[in-house]
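[1] got a sequence here, can you build the structure:
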Amino acid sequence: MTSLRFANRRRAIAAVGAVSAGLLALSACEKPTPLATITVGDDSVNSEATCYDDGKTLPSAELAKCLKNTDIESIKVDPDATVRFGVDPEIADKGWTILMNGQPLTDSSKKTYRTIPGSVFFNAQYGAQGSSTLVSVKADGKDANSVSGLWNYRLKKDS
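    Below is the predicted model of the structure:
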């Protein structure tokens, strides 16, 4: 009887310890940023924001640094394919724009999904240079002229 009580007490202490450790770990974690996803055919990449401050407007100087970040996801794009962009509803609610090499490629949208022909990303008429293009998803801040987040991707020509 005594050993049974001791085993129950030991399990209760272990359970309380596990719960406490879990809560401590959760309190140390940062809240993840919303995701943006690019899909081409059966391939897709998604990532958390390159720059994001919980939906607050980012300063212009920080935005310039974000556009120069080289540690970004990449995906191969056949120029004949359709490139699909998707964002979390949290981003879409405020509006978002697709940038190509830092310049707006689309108008701001409040949809969670957009498509663009792959050929656009390698066409000099749209500012493309060579067989690789920096594409960004820009989350609008208080208005379409301010930025609350930026997700960068490298699109590589797959011919």
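[2] and the lengthiest strand in the chain, how far from the chain's centre?
    When the chain is scanned for its longest strand (criterion: DSSP state E), the result is strand 147-157. The chain centre lies 8 Å from the centre of strand 147-157; the measure is Cα atoms, centre = their mean, to the nearest Å.
[3] same check, this time on stretch 110-125
    What separates the centre of stretch 110-125 from the centre of its chain is 17 Å, taken as Cα atoms, centre = their mean.
[4] what distance separates the start and the end of it?
    End-to-end distance for stretch 110-125: 26 Å, by Cα to Cα, to the nearest Å.
[5] buried set for it?
    Residues 114, 116, 118, 119, 120, 121, 122 are the ones in stretch 110-125 that count as buried (16 or more other Cβ atoms under 10 Å). Yep, even glycine has a C-beta here, placed from its N, CA and C like the rest.
[6] and if you look at stretch 52-64?
    For stretch 52-64, the neighbour count (16+ other Cβ under 10 Å) marks 52, 57, 58, 63 as buried.
[7] reformat these as JSON lines; add pLDDT.
    As requested, these are exported to JSON lines (pLDDT from 0 to 100):
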{"residue": "52", "pLDDT": "91"}
{"residue": "57", "pLDDT": "91"}
{"residue": "58", "pLDDT": "92"}
{"residue": "63", "pLDDT": "85"}
